[in-house]
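In: Just the structure for this:
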Amino acid sequence: MKKVLIINTIGLNYEGITTVIFNYSSHICLNELKLEFVAFEGVDSELKKKFEKIGVVHVIPNRKKDTKGYIKGLKQLLKQGYDVVHIHGNSGTMLLETFYSKRRGIPKILVHSHNTTCSHMVLHKILRVPMMYFATDYLACSEMAGKWLFGSRKFTILKNAIDLQKFLYNKEIRKQVRDEFFLRDEKLIGHIGHFTEQKNHSFLIDIFQEYHKLDPKAKLLLVSDGPLFNEIKVKVEKQNLSGAVIFAGRRSDAERLYQAMDIFVLPSKWEGLPLVILEAQTASLPVIISDIISDDAKCTEYIEYYPIEKGATAWADRIYRIVMEKLMHRDGTNVLSIMTRCGYNIENEAQILEKIYRNVNYVKN
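Out: Numbering: from 1, shown residues only. Got it, this is the predicted structure:
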């Protein structure tokens with residue numbers, strides 16, 4: 001049995017990379033593999049329990065807050081011996097993990113790119129080449145994410161696949177969720193994303209302020225939390241939108257929340273390949289996103305790329321037209337086959353990662 005150590009360089013928490021790791025890990029056949037995960041101190045207990053149903057979770061100091069402690073914990077952990085180390089991140093700082101894995105003689109070291117930029121460019125440029133030197137395999141969530149981190153080197157695209165059946169449109173669940181939020185015929189604009197600069201919540205509030213002028217009954221649903229949560233909440237209050245914006249907080253039932261929405265909006269400043277876009281499309285939602293996001297995210301004809309530079313008023317006008325024109329009949333008839341054809345069915349994609357772990361030759365269609 002092969003031992004696999006999986007590391008998310010930002011820690012196991014409620015965000016996209018962790019969800020990708022969980023989706024793949026929970027669909028891999030474990031007959032010949034033993035999966036183990038690295039979590040940082042302070043990891044959410046419920047999230048930890050979810051991963052412990054799949055494999056062992058090792059808790060070590062936070063990589064960013066206590067780098068020395070993290071390195072010490074990682075070195076001790078690697079002494080246990082692994083056949084594969086799978087490192088998830090978005091920059092050359094993954095050198096830290098590749099170096100110590102190589103030093104311990106790990107035969108297969110996978111580096112997995114999940115974004116198209118990072119917040120520490122100088123450090124990234126310095127560390128990127130040695131990071132690739134110590135790694136044995138390169139993976140990416142999209143073509144853009146792969147080229148960002150690996151340049152012209154050969155990499156394998158492992159798409160951010162999801163459990164499609166969970167997200168298919170269900171009108172009964174739509175009614176349940178809308179009742180929970182005391183919604184009747186109001187149009188609900190939805191957004192799921194960690195409150196960080198990347199997700200551009202401040203601009204989203206500006207968009208909604210303009211949209212609200214066009215449709216005063218409309219509501220905005222914001223799901224998740226994060227470092228900018230309070231700042232955005234204050235902005236909503238200052239713009240007199242408190243009664244129209246629903247702060248749902250961190251939720252574990254995103255598949256239900258999509259059903260209640262009428263459109264999904266993601267004006268991110270940068271992205272790799274966001275899971276939420278795939279989930280929203282699977283729920284048969286019209287989606288409007290910033291044009292910096294990879295074309296790989298487009299599966300249905302109801303997703304639209306729009307430049308941030310157009311400004312909040314233009315975004316609001318476009319959203320209003322999409323919603324009022326009712327461009328999508330939400331029955332989900334062909335969505336399952338469409339999303340599978342695009343490569344986002346986790347049942348299929350997990351088999352590819354399993355073969356990579358087992359060092360078996362594979363062909364990706």
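
In: which intervals of this protein have sub-threshold pLDDT?
Out: Applying pLDDT under 70 to the chain flags residues 326-333, 360-365.

In: Would you quantify the distance from the residue nearest to residue 199 when sequence neighbours are not counted to residue 238?
Out: With Cβ to Cβ, 6 or more residues apart in numbering as the criterion, residue 199 has its nearest non-adjacent residue at 3.9 Å, and that residue is residue 193. The C-beta positions use only the backbone N, C-alpha and C, and glycine is treated the same way. Counting by Cβ to Cβ, to the nearest Å, the separation of residue 193 from residue 238 is 21 Å.

In: Quick one: distance of stretch 151-159 to the chain centre.
Out: Distance, stretch centre to chain centre, for stretch 151-159: 18 Å (Cα atoms, centre = their mean, to the nearest Å).

In: ditto for stretch 174-183
Out: Centroid separation between stretch 174-183 and its chain, computed with Cα atoms, centre = their mean, is 25 Å.

In: Same check on stretch 238-246?
Out: Averaged C-alpha coordinates place stretch 238-246 at 27 Å from its chain's average position (Cα atoms, centre = their mean).

In: what about it, how long is it end to end?
Out: One end of stretch 238-246 to the other measures 15 Å (Cα to Cα, to the nearest Å).

In: Check stretch 76-92 too.
Out: One end of stretch 76-92 sits 23 Å from the other (Cα to Cα).

In: ditto for stretch 136-151
Out: Span of stretch 136-151 from end to end, Cα to Cα: 15 Å.

In: List the buried residues for that stretch?
Out: Applying a neighbour-count criterion of 16 or more other Cβ atoms under 10 Å, one finds 137, 138, 139, 140, 141, 142, 144, 145, 146, 148, 149, 150 buried in stretch 136-151.

In: packing partners for the one helix or strand the third one maps to?
Out: Element membership for residue 139, per DSSP states H and E: strand 137-140. Using 3 or more Cβ pairs under 8 Å, 6 or more residues apart in numbering; DSSP states H and E as the contact criterion, the elements in contact with strand 137-140 are strand 108-113, helix 143-150, strand 156-157.

In: Can I get these in JSON lines including distance to residue 248?
Out: Listed next are these as JSON lines, based on distance: least, Cβ to Cβ, whole Å:
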{"stretch": "strand 108-113", "distance to residue 248": "29"}
{"stretch": "helix 143-150", "distance to residue 248": "28"}
{"stretch": "strand 156-157", "distance to residue 248": "32"}
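
In: and of these, who's closest to residue 264?
Out: helix 143-150 (20.5 Å; Cβ to Cβ).

In: what's the angle from that closest one to strand 108-113?
Out: Counting by axes from the mean of the first three to the mean of the last three Cα atoms, to 10 degrees, helix 143-150 lies at 120 degrees to strand 108-113.

In: Pull the distance from helix 143-150 to the chain's centre.
Out: Taking mean C-alpha positions (Cα atoms, centre = their mean), helix 143-150 and its chain are 16 Å apart.

In: circling back to that earlier point, tell me the one of the buried residues of stretch 136-151 nearest residue 179?
Out: residue 141 (35.6 Å).

In: buried set for stretch 150-167?
Out: Going by neighbour count (16+ other Cβ under 10 Å), the buried part of stretch 150-167 is 150, 155, 156, 157, 158, 159, 160, 161, 162, 164, 167.

In: How about the third one: which residues does it bridge to?
Out: Each beta-bridge partner of residue 156 is listed here, defined by DSSP bridges: residue 139.

In: which two from the buried residues of stretch 136-151 end up farthest apart in space?
Out: Largest separation among those by Cβ to Cβ: 137 and 144, giving 19.0 Å.

In: Show me where the stretch 1-150 of the chain has its helices.
Out: With DSSP state H, counting those that start in this stretch as the criterion, the stretch 1-150 of the chain has helices at 16-25, 45-52, 67-78, 95-103, 121-134, 143-150.

In: Quick check: which helices or strands does the last one pack against?
Out: Of the remaining helices and strands, those touching helix 143-150 by 3+ Cβ pairs under 8 Å, 6+ apart are strand 108-113, strand 137-140.
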